[in-house]
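> coords please:
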Amino acid sequence: MKRLLTIALAAALSGCMTVPGPPPAPYHALGTEPFWNLLIDEHDITFVEPEAQPIKQPTPKPIIGVAGEIYQTPRINVNIVHARCSDGMSDRVYPDKVQVSVDGRQFNGCGGEAVAPASLAGTNWRVESVNGRSTPAGTNYFMNFEATRVGAKFGCNSMGADYTQTANVLDLSMVIATQMACADMSFESQGGAILNEPMTMNWSGGDRLTLSNARGRITLVRSY
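Modelled structure (predicted):
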């Protein structure tokens, strides 16, 4: 009976243990003052500083700590803590705090994919494409959000409107635009048509946002 109880207890405990798995592929971390970047993939951990040779070590099996993962190598040690982190230079927010030791030097920064902002207020975006068509080269097409108002440009005319954000739906009031005539207004016309209907917001991390409805889709990239 004792033997049976011991086996059952061991099985229960093993079911509760977390077995270290492969690192996220790839996992990015960065820091400021000084600037540095870290990349963890299935093969290597690579640490990069400006004007310095990258330092690379084979990726070990992670140690699963109470707050996150730990990677230990002869030259690079990484401690990932799953707690929200700001990079200190912009309003980007990341899911992890990251502590890195490189040849005895200590660095602190943030890691993981940038988190989507809770609100569009105060964010600025570059228009990457409209309906799959890339923004024309050499142009400054954008959408910039204030507390309740958005300014946009999809061509030679500037646009503005009040907006509301409810969950993942973005709804603009009547869009007012300047009335300049341009040689090719197709890009601007398609973008303006999308803005005139409620749009579904789809995030890719915190740096990419797609607005879509029956009129088409606008792809935005965060600018800081």
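> so where's this structure shaky on pLDDT?
Counting by pLDDT under 70, the chain contains low-confidence ranges at 1-25.
> Mind doing that once more with 50?
Low-confidence regions of the chain, defined by pLDDT under 50, span residues 1-23.
> How are the helices of it distributed by residue range?
Remark: helices of the chain, listed N- to C-terminal, are 2-16, 186-195; assignment by DSSP state H.
> Just the residues contacting the last one, thanks.
If I follow you right, that is helix 186-195. Under the criterion CB atoms under 8 Å, 6 or more residues apart in numbering, residues 127, 130-131, 133, 135-136, 141, 152, 154-157, 159, 161, 172, 175, 177, 182, 211-213, 215-218 lie in contact with helix 186-195. C-beta here means a position set from N, CA and C on the backbone, and glycine is covered the same way.
> Next, check those against the strands and list the overlap.
Secondary structure defined by DSSP state E assigns 127, 130, 133, 152, 159, 161, 172, 177, 211-213, 216-218 of the contacts of helix 186-195 to strands.
> what about Met143, distance to Val150?
For Met143, the distance to Val150 equals 6 Å [CB to CB, to the nearest Å].
> Please apply the same query to Gly122.
The value you get for Gly122 to Val150, if CB to CB is used, is 11 Å.
> ok, these two, which is more surrounded?
Remark: of Gly122 and Val150, Val150 carries more neighbours, 23 against 11, as counted by other CB atoms under 10 Å.
> wait, what's in contact with that one?
Residues in contact with Val150 (CB under 8 Å, 6+ apart) are Leu120, Met143, Asn144, Gly160, Ala161, Asp162, Tyr163, Leu172.
> Compare those residues and tell me which has the most neighbours.
With neighbours set by other CB under 10 Å, the maximum within the contacts of Val150 is found at Met143, which has 25 neighbours.
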